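Enquirer: No sequence on hand, only this structure:
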Ligand SMILES: [Zn+2]
């Protein structure tokens, strides 16, 4: 079985020949490769941008809520 194998492109699911004729394997094209990498990067960058209302110090009304410290 030395025939050309093929894999599914992780981005679009298209069959990609596994060989030198597919330099972007397992992606079907450079575009799909960049899309996948881009998705990765945007997920990483999205993590530290999810806090804004998290300020426990803003509740200083002095009604005894801070006595636990
Ligand atoms: Zn693709």
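Expert: Now that the structure is in, tell me what you want to look at. The structure displayed is predicted, hence computed values, not measured ones.

Enquirer: where do the helices sit along this structure?
Expert: Ranges of helices in the chain, per DSSP state H, are 30-46.

Enquirer: just the residues of it that are near the ion, which are they?
Expert: Taking Cβ under 5 Å from the ion, the part of the chain that reaches the ion is made up of 9, 11, 12, 14, 28, 32. Placement of C-beta: from N, CA and C, glycine included.

Enquirer: If any of those residues are buried, put those into a PyMOL selection.
Expert: Filtering the residues of the chain next to the ion down to the buried ones (16 or more other Cβ atoms under 10 Å) takes a single PyMOL command:
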select buried, resi 9+11+28+32
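
Enquirer: how about the strands of the protein, start to end?
Expert: With DSSP state E as the criterion, the chain has strands at 5-8, 15-18.

Enquirer: Quick one: these as a markdown table, columns for mean pLDDT and distance to residue 39 too.
Expert: Compiled in a markdown table, the strands of the chain are given as follows (pLDDT from 0 to 100; distance: least, Cβ to Cβ, whole Å):
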| stretch | mean pLDDT | distance to residue 39 |
| --- | --- | --- |
| strand 5-8 | 94 | 17 |
| strand 15-18 | 95 | 18 |
